[in-house]
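Chemist: Quick one, fold the following:
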Amino acid sequence: MTALDDAEDYYRQVFARTRPPFAFVDLDALTANAHDLLRRAHGKPVRIASKSLRSRTIIDHTLGLDPGFQGIMAFTLDEALWLHGLGAQDVLVAYPTTDTELLGTLAERTVEDPEGAPVVMIDSPDHVELIERAARRHDVRVKTCLDFDASFWLAGGRIRIGAKRTPIHTPEQAAAAARRVERSAYARLVGVMSYEAQIAGTGDAVPKRPVANRAIRLMQDRSHRELRHRRALAVEAISRVTPLDFVNAGGTGDLELVASEPAVTEVTAGSGLFAPALFDRYSRFAPRAAAFFALPVVRRPGPKTVTVLGGGYVASGVPRWDRAPVPTFPPGLRYDGNEGAGEVQTPLTGAPAAHLAVGSPVFFRHAKAGELCERFNELHLVRDGRIVDVVPTYRGEGRCFL
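Modeler: Okay, here's the model as predicted:
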């Protein structure tokens, strides 16, 4: 299948004998998305963001698709240690940790596997001190990565557009942070990472918002031009302190932009493999929807209203209408304005509801990629019109890291 508009009959045939609720991934669509990510990366390695997938099978499948996929970006140290213990190499932890017990385990792993142990994120002397405290007992230097701020500052920093992550914004601050790590007997700096949320995480083709879309594109263009220059200076400044193994940047939404920067050696993507509903609002690329879930109709409270079981799988972020799952098949269903996506039931209205029988599945797309697998123990994998496997999610393996 190539077009979402033509997919309803296809998926209904595939799942004719599968009882909802269930979640699934279309491997044909995922593979097409994976190759498009590699095309947009312009030959630079793509590190897989596990936060967006949360299924070891999907992560391993993607890593095996092409040598262009290299390494994993984990979202917690606990997750990274779990993946490493199961054989994963080249795992970068995207967010700092204050868990001294896990840092002690990381130090032990570093003794056992100096090059393959996970790399932990830092952005302050406090993080370095926690690492030193944990690693001192093992007399080992833990590998670290510096999170460099990619937000866009206006009016001398009084206006800041982007995610509130690291305080390391200037090349001088980056060099000072590198010198702090270099002085440590128990930490070493091997990489730099940035995430441009105002570009990668902000759609610029929102329906019925032409003026806002033009403003977003202008902001993103100015932001990337500023960041490209500032990031290069920061990498140069850090490299005068210590050599770097990698410079990581980006997300699905801005892959081709950051990949064009000479200072960047690798890019990160994950959500673009599943292509959740929020990615319908980007002008630079058009991925295929690859991840869905289905819920059963359990009630008919009115002639043009049906109620499905569950459904309150609202995505994280600022609470807005675009954080709700999107009823996809049959097209034309919409939420009740007074109930929305509910914890244990979700009413849906619209003309298609008149033709849905009790027991019929309604297919949804999640607004974001990462949280779908926190709702289901299994993923049905579809290829060439049939279910080829049923595999566990992190939740299905009894793992919940956040």
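
Chemist: Touching, D204 and D280? I think so.
Modeler: No: the criterion here is Cβ atoms under 8 Å, and D204 misses it with D280 at 11.9 Å. Backbone N, C-alpha and C define where each C-beta goes, glycine included.

Chemist: Which of these two has more residues huddled nearby?
Modeler: Each of D204 and D280 has its neighbours counted (other Cβ atoms under 10 Å); D204 has more, 21 against 18.

Chemist: Skipping its backbone neighbours, what lies nearest that one in space?
Modeler: Leaving out its chain neighbours, the residue that sits closest to D204 by Cβ to Cβ, 6 or more residues apart in numbering is I216, at 4.5 Å.

Chemist: Could you tell me which residues within the host helix or strand of the one you found count as buried?
Modeler: I216 is located in helix 210-239, with elements delineated by DSSP states H and E. Of all the residues in helix 210-239, those buried under the rule 16 or more other Cβ atoms under 10 Å are 213, 216, 219-220, 223-224, 227-228, 230-232, 234-235, 237-238.

Chemist: next one: stretch 347-365
Modeler: Within stretch 347-365, the residues that count as buried by 16+ other Cβ under 10 Å are 347-350, 352-353, 356, 360-365.

Chemist: Work out the gap between it and the centre of the chain.
Modeler: Averaging C-alpha positions (Cα atoms, centre = their mean, to the nearest Å) puts stretch 347-365 30 Å from its chain's average.

Chemist: end to end, how far does it reach?
Modeler: End-to-end distance of stretch 347-365 (Cα to Cα, to the nearest Å): 16 Å.

Chemist: What does the spatially most central residue of the chain show for phi and psi?
Modeler: Centroid-nearest residue in the chain: S52, 3.4 Å away (criterion: Cα atoms, centre = their mean). S52 adopts backbone torsions of phi -80, psi -20, taken as degrees, to the nearest 10.

Chemist: can you start the count at 7 instead of 1 from here on
Modeler: Will do, 7 is the new start, and the previous item becomes S58.

Chemist: isn't it right up against G276?
Modeler: Yes: the criterion here is Cβ under 8 Å, and S58 meets it with G276 at 3.0 Å.

Chemist: Find residues that contact each of those two.
Modeler: Taking Cβ atoms under 8 Å, 6 or more residues apart in numbering as the contact rule, S58 and G276 both touch A375, G376.

Chemist: Surely R305 is in a strand?
Modeler: Yes: looking at R305 with DSSP: H, G, I helix; E, B strand; the rest coil, it is inside a strand.

Chemist: Skipping adjacent residues, who's closest to it in space?
Modeler: Of all residues not flanking R305 in the chain, T313 sits nearest, at 3.8 Å (Cβ to Cβ, 6+ apart).

Chemist: Could you pull up the contacting residues of the one you found?
Modeler: Neighbours of T313 in contact, by Cβ under 8 Å, 6+ apart: V303, V304, R305, R306, P307, Q351, T352, P353, L354.

Chemist: Kindly report the same for F369.
Modeler: F369 is in contact with E14, Y17, F298, F299, A300, P333, T334, F335, counting by Cβ under 8 Å, 6+ apart.

Chemist: so of those, which ones are in strands?
Modeler: In strands, defined here by DSSP state E, the members of those are F298, F299, A300, P333, T334, F335.

Chemist: Nearest to D145 among these?
Modeler: Nearest to D145 out of those is F299 (Cβ to Cβ; 48.6 Å).

Chemist: What's opposite the closest one in the beta bridge?
Modeler: A29, F370 (DSSP bridges).

Chemist: how about it, what does it touch?
Modeler: Applying Cβ under 8 Å, 6+ apart, we find F299 in contact with P27, F28, A29, F30, Y319, P331, F369, F370, H372, L378, R381, F382.
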